[in-house]
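> Okay, here's the prediction I keep looking at, along with the sequence it came from:
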Amino acid sequence: MNYMLTLLLFLASNAIVCNVSYASSSYSRLVSSGLEHPHHHAPSGEQPLAKIAIHKTVLALHKSAYIHASPFILGLKGEDAEWINVNFEYPEPTNDDWVGVFSPAKFNASDCYPETGNWPEAPYICTAPIKYKFANHSTSNYAKTGKATLSFRIINQRADFAFALFTGGLENPKLVAVSDPISFANPKAPLYPRLAHGKAWDEMTVTWTSGYDIGEATPLVEWGWKGQTKKLSPAGTLTFTRGSMCGAPARTVGWRDPGFIHTSFLKELWPNTIYEYRMGHMLPNGSTVWSKMYSFKASPYPGQNSLQRVIIFGDMGKAERDGSNEYASYQPGSLITTDQLINDLDNYDIVFHIGDLPYANGFLSQWDQFTSQVEPISSVKPYMIASGNHERDFPNTGSFYDTPDSGGECGVPAELMYYVPADNRAKFWYSTDYGMFHFCIADSEHDWREGSEQYAWIEKCLASVDRQKQPWLIFSAHRVLGYSSNSWLANEGAFEEPMGRAHLQKLWQKYKVDIAFYGHVHNYERTCPIYQNQCVNPEISHYSGTVNGTIHVVVGGGGSHLSDFTEINTFWSLYKDYDWGFVKLTAFNHSSLLFEYKKSSDGKVYDSFTISRDYRDVLACVHDGCEATTLAT
């Protein structure tokens, strides 16, 4: 029996009424308007998969239509991504016809999940595709001939794939043809390693995704010095279920099984030493399924005097290299930034992606797409993240902002897909060291105000650093808690997240924070050293001497839609750029720091400054920077 007929019979026999609260149009309005705080999330366009009213699909298989994908078996040489050719024909073509990529291949009503509300009739399909293209994407005369070919780049996602041809556009899809399934030779293979600092300076964590549950195989990492005998370290295994999601679409049409997420802790590393590693799964028969070999350089000892280079940006998102999902209109700079960082791997040591990672917005398949996109970076450099509104926020889930920006994820995928050295990963604040740098990474999606649990942690993090050993103190959060000339913040009568610096600036001043970084606003902006809305240093490109104010930097141009600046003249703003880019910090020694803002398009420096100072300059008392009285007085 051919696959199309099998699908038809299966759908007909399994048609059930599914109570699903999600509808693409209503969800889109919800995301674009927010709930109680419409100004608290940066506009980033509509998640492309949310445009598809998949639950409204009508089964209309056409006897003269066909769709064929090749090759059938992928990854025969261990590849985790391959290009697929899809040929199709439909005798009644229109420019609204489209092809969706589904995984698992049997997308059917059994995947529906009861939620509040009722559909008038049973959906034929209630799981969104992984990606899609319009049928005329590559063939301009498709509407005349009804024949076309599309190329898709498919990554290994632990299941088989089918390609489906729809007419009726995205709002009223009619399924007219389905391909036979294709699959990877080993769909369960260990993939997409993500390095991150552990809680100790000499510890690196390796997190990866596979299709192997612990009952099927034992996860482990083989690692050691290059060319030397390797050792084995065990890995823990976690996953999450549809019930872990907080709402639609993550709980409904956006749900996809995330597989299994494994983390291993590589301990007692020698500073600045190159290590090789690979992830594996030991099968019951004693054989082991291995990933390819990767390498990383262990972090320097805290305070160590060596060349240390840090990359910081936010709001990158993901895009499809095959042009799927109208990629140029959703996260247009995503691949530009990614590729620039891949091309420059030898010239930096660690990455901080400060919130808004894939903008999956409840479509769980997109997390695989994102981890695959950044894998050339995260497999060789520590890839530290912060929690953003598109990872955490959802109504009635304890997030500080009652907006639906996470699409029902409520932080769960981010907390499991990426390791951070937090005491509680559901509370995404943590500190980490890299040589002469000390980083305090806050979670702007939880309360930071004075008296809160996080406020106490922020003070402890800032107070704990020994500035003689680690002179460069960095604060970061996703939302702008400092200063921004963004237009929608200005329209609300503020140049920051309300209550941001009002509660935190005395901590930045007291502990002499050098630079504070933010994303959320999708552009670049640098302020003067500032305290209480006053520039405290007239210099622009070189700072020396006493630390009497903090420089605030918005670096949210990682790849998402760019944000407009206000026309109001903000005197504290020294440099603005409406473009995609990232910041690079280079510590040459304990007295010299170089700051560079680079455009993603060419990697060239467009804004920079240096800081030169001695330890005594950090110790010096400044306004609100020393206690008025001490026990000695």
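The structure has been received and is ready for your questions.
> host element of residue 236?
strand 231-238 (DSSP states H and E).
> Also residue 501?
helix 500-510.
> Check which residues of that helix are buried.
By neighbour count on 16 or more other C-beta atoms under 10 Å, the buried set for helix 500-510 is 500-501, 503-510. Where you see a C-beta, it was placed from the backbone N, CA and C, and this is true even at glycine.
> same thing with stretch 214-229?
Judged by neighbour count (16+ other C-beta under 10 Å), stretch 214-229 contains these buried residues: 217-223.
> ok, back up a step: adjacent strands (with direction) for the next helix or strand after the strand holding residue 236?
Toward the C-terminus, strand 231-238 is succeeded by strand 260-266 as the next helix or strand (DSSP H and E). Strand pairing for strand 260-266, using DSSP bridges, gives strand 204-210 (antiparallel), strand 231-238 (antiparallel).
> Go through these and pick out the most buried.
Across the strands paired with strand 260-266, averaging neighbours per residue (mean count of other C-beta atoms under 10 Å) puts strand 204-210 on top, at a mean of 25.
> Touching that one from outside, list them.
For strand 204-210, the surrounding residues in contact (C-beta atoms under 8 Å, 6 or more residues apart in numbering) are 158, 188-198, 219, 221, 235, 258-266, 269, 275, 277, 279, 281, 291, 296, 298-299, 368, 371, 382, 417-419.
> before we move on, what SS does the nearest residue to residue 563 once chain neighbours are set aside have?
Once flanking residues are discounted, residue 563 sits nearest to residue 522: 4.2 Å by C-beta to C-beta, 6 or more residues apart in numbering. Three-state call for residue 522 (DSSP: H, G, I helix; E, B strand; the rest coil): coil.
> isn't residue 522 right next to residue 316, touching?
No. If you go by C-beta atoms under 8 Å, residue 522 and residue 316 don't touch, sitting 10.1 Å apart.
> Can you pull the residues that touch both of the two?
Common neighbours of residue 522 and residue 316, using C-beta under 8 Å, 6+ apart, are residue 560.
> Please give the centre-to-centre distance between the strand holding residue 236 and its chain.
24 Å (C-alpha atoms, centre = their mean, to the nearest Å).
> Give me the contacts around it.
206, 213-214, 218-224, 260-267, 279, 416.
> Can I get that strand in PDB, CA atoms only?
Output of strand 231-238 as PDB, limited to C-alpha atoms (Å, rounded to 0.1, in the frame of the first residue of the first chain):
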ATOM      1  CA  LYS A 231      39.400   9.300  29.900                       C
ATOM      2  CA  LEU A 232      35.600   8.700  30.100                       C
ATOM      3  CA  SER A 233      33.100  10.900  32.000                       C
ATOM      4  CA  PRO A 234      29.500  10.100  32.700                       C
ATOM      5  CA  ALA A 235      26.600  12.300  31.600                       C
ATOM      6  CA  GLY A 236      23.200  13.000  33.100                       C
ATOM      7  CA  THR A 237      20.100  12.800  31.000                       C
ATOM      8  CA  LEU A 238      17.100  15.100  31.000                       C
END
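> Residue 460: neighbouring residues, count only.
11 (other C-beta atoms under 10 Å).
> gap between it and residue 423?
Per C-beta to C-beta, to the nearest Å, residue 460 is found 11 Å from residue 423.
> And for residue 579?
The gap separating residue 579 from residue 423 is 37 Å, by C-beta to C-beta.
> More neighbours: which of these two?
Set residue 579 next to residue 423 and count neighbours by other C-beta under 10 Å: residue 579 wins out with 17 against 9.
> Let's check: the centremost residue of this protein is which one?
The centre of the chain sits closest to residue 357, judged by C-alpha atoms, centre = their mean, with a distance of 1.6 Å.
> Helix, strand, or coil at the nearest residue to it once chain neighbours are set aside?
Spatial nearest neighbour of residue 357, chain neighbours left out: residue 370 (5.9 Å); criterion: C-beta to C-beta, 6+ apart. Assigned with three-state DSSP, residue 370 falls in the helix class.
> can you pull the contacts of residue 370?
Residue 370 makes contact with 318, 357-358, 360 under the criterion C-beta under 8 Å, 6+ apart.
> Contacts only, for the closest residue to residue 372 other than its chain neighbours.
Nearest non-adjacent residue to residue 372, counting by C-beta to C-beta, 6+ apart: residue 155, 4.7 Å away. For residue 155, the contact set (C-beta under 8 Å, 6+ apart) comprises 80-81, 368-369, 372.
> filter those to the buried ones?
Buried, going by 16+ other C-beta under 10 Å: 80, 368-369, 372, out of these.
> and those as JSON lines, adding pLDDT and distance to residue 180?
JSON lines is the format used below for the buried ones among the contacts of residue 155 (pLDDT from 0 to 100; distance: C-beta to C-beta, whole Å):
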{"residue": "80", "pLDDT": "96", "distance to residue 180": "22"}
{"residue": "368", "pLDDT": "98", "distance to residue 180": "22"}
{"residue": "369", "pLDDT": "96", "distance to residue 180": "23"}
{"residue": "372", "pLDDT": "98", "distance to residue 180": "24"}
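> Among those, which pair sits farthest apart?
Of all pairs drawn from the buried ones among the contacts of residue 155, the widest gap by C-beta to C-beta lies between 80 and 369 and measures 12.1 Å.
> List phi and psi for the residue nearest to residue 563.
The phi and psi values for residue 522, taken as degrees, to the nearest 10, are phi -90, psi 70.
> For residue 564, see how far away it is.
According to C-beta to C-beta, residue 522 stands 9 Å off from residue 564.
> ok, which stretches of the stretch 101-250 of the chain are strands?
Along the stretch 101-250 of the chain, counting by DSSP state E, counting those that start in this stretch, strands occupy 131-134, 147-155, 162-167, 174-178, 183-184, 191-197, 204-210, 218-225, 231-238.
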